[in-house]
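1. mind folding the following:
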Amino acid sequence: MLTVKKLAQSVGVSDDLIRHYTECGLLNPVVNTENHYRFYDEEDFLCLSTARSVKNLGFSLSDVKDYLEDSAQERIDKLRLKKQVIEENIEELIKLKNRIEEVENYLSLTKLCNGTVKDVRRDSIHSIYTYSASKIKAPDLRIVKSFSELFPYTHISIKIPLEELNDPNFQDVYSVQLGLGLIAKYARGFNVDTAPPVESIPEGRFLIIYLKTRDILSLSPEEIRPLLNKAKELGKSFTHQSSGRLLAMERDEKGFLYSILIRVRIGD
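-> As a prediction, this is how the structure comes out:
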């Protein structure tokens, strides 16, 4: 028979853990009626060792208590269910790891925010716009909520109207709108409803300009002039509004400086 201290030492745990497991009914010591000392036998040693092993598999203490009463087959069933949950968690963690790597990559693009223009192919993108300098139609709260719940897979989207982008005489500040966007793979992966009023731009050929601005709502043709010049050089007009995105916002002595990209689809 072992005392609390001896049993604790035999398994490498604290005396308090032995007392806690005893109070929870996991261990069943013999109690000396004269001095109320508790004494544990080999069954308690084996139950404690098994309980510690099962607990470290991710089971709660109440689950461990039930586990010790289960048959071998019942234990197998519970382990298989636990394994299934772990596999699902692994899938989610891999997805999150991949998203973290994407965010890192987008942050690295801030070094291009000097007016660099790229001619690329991109997948479709879906956005819901909720904010602008002037009043816009109230968004569908159900859709906004569905997009918002998907952060960090959702990004901040930037819209410049198509008619302003394609107007060669437009010299004013663009009617910029901000909102929430999802690229196609996340919209598909999370089964997001992308029907109107969600605004979608199909996959295809895009021109992208990378720039920095102090006022994200006051973009002008001059700020995106390299993009406009590239479209003119290619003899292409824009087919859709922009689907830009915020890359980073950094604070300095003047306030926030926004690194953004403005992406606009052109004809193939």
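2. mind listing the helices for the stretch 51-200 of the chain?
-> 61-69, 72-108, 141-148, 162-165, 184-189 (DSSP state H, counting those that start in this stretch).
3. now distance to Ser200 and mean pLDDT too, for those helices, in TSV please.
-> Every residue, glycine included, has its C-beta placed from N, CA and C. Below are the helices of the stretch 51-200 of the chain laid out as TSV (distance: least, C-beta to C-beta, whole Å; pLDDT from 0 to 100):
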stretch	distance to Ser200	mean pLDDT
helix 61-69	46	93
helix 72-108	20	95
helix 141-148	12	93
helix 162-165	14	97
helix 184-189	9	94
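4. looking at these, which is closest to Leu246?
-> helix 72-108 (9.1 Å; C-beta to C-beta).
5. how about the helices of the stretch 51-200 of the chain in JSON lines, adding distance to Asp119 and mean neighbour count?
-> Output for those, formatted as JSON lines (distance: least, C-beta to C-beta, whole Å; neighbours: other C-beta atoms under 10 Å):
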{"stretch": "helix 61-69", "distance to Asp119": "57", "mean neighbour count": "14"}
{"stretch": "helix 72-108", "distance to Asp119": "19", "mean neighbour count": "11"}
{"stretch": "helix 141-148", "distance to Asp119": "29", "mean neighbour count": "16"}
{"stretch": "helix 162-165", "distance to Asp119": "16", "mean neighbour count": "16"}
{"stretch": "helix 184-189", "distance to Asp119": "20", "mean neighbour count": "16"}
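6. rebuild these as a markdown table, extending it with distance to Lys230.
-> Below are these laid out as a markdown table (distance: least, C-beta to C-beta, whole Å):
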| stretch | distance to Lys230 |
| --- | --- |
| helix 61-69 | 62 |
| helix 72-108 | 21 |
| helix 141-148 | 31 |
| helix 162-165 | 13 |
| helix 184-189 | 24 |
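7. quick one: closest of those to Ser14.
-> Per C-beta to C-beta, nearest to Ser14 of the helices of the stretch 51-200 of the chain: helix 61-69, 15.2 Å.
8. residues in contact with the closest one?
-> By C-beta atoms under 8 Å, 6 or more residues apart in numbering, the residues outside helix 61-69 that reach it are 24-26, 47, 50-51, 54-55, 59, 75, 78.
9. filter these to the buried ones?
-> Neighbour counting with 16 or more other C-beta atoms under 10 Å marks 26, 47, 51, 54-55, 59, 78 as buried within the contacts of helix 61-69.
10. contacts only, for Val31.
-> Contacts of Val31 (C-beta under 8 Å, 6+ apart): 37-39.
11. where is pLDDT lowest across those residues?
-> The member of the contacts of Val31 with the lowest pLDDT is Tyr37, at 88.
12. list the contacts of it.
-> Counting by C-beta under 8 Å, 6+ apart, Tyr37 has contacts 3, 31.
13. again, 10 Å this time
-> 1, 3-4, 29-31 (C-beta atoms under 10 Å, 6 or more residues apart in numbering).
14. pull out the buried positions in the longest strand along the chain.
-> Using DSSP state E, we find that the single longest strand of the chain is strand 255-266. By 16+ other C-beta under 10 Å, the buried positions in strand 255-266 come out as 258-266.
15. so it versus helix 72-108, what angle?
-> 100 degrees (axes from the mean of the first three to the mean of the last three C-alpha atoms, to 10 degrees).
16. who does strand 255-266 pair up with?
-> strand 204-213 (antiparallel), strand 238-242 (antiparallel), strand 244-252 (antiparallel) (DSSP bridges).
17. which stretch among those strands comes nearest Pro139?
-> strand 238-242 (15.8 Å).
18. as CSV, could you dump the C-alpha coordinates of the closest one?
-> Taking Å, rounded to 0.1, in the frame of the first residue of the first chain, the C-alpha atoms of strand 238-242 are listed here in CSV:
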residue,chain,number,x,y,z
PHE,A,238,-11.6,48.3,-68.3
THR,A,239,-14.4,45.7,-68.2
HIS,A,240,-15.3,46.0,-64.5
GLN,A,241,-14.9,48.3,-61.5
SER,A,242,-11.7,47.9,-59.5
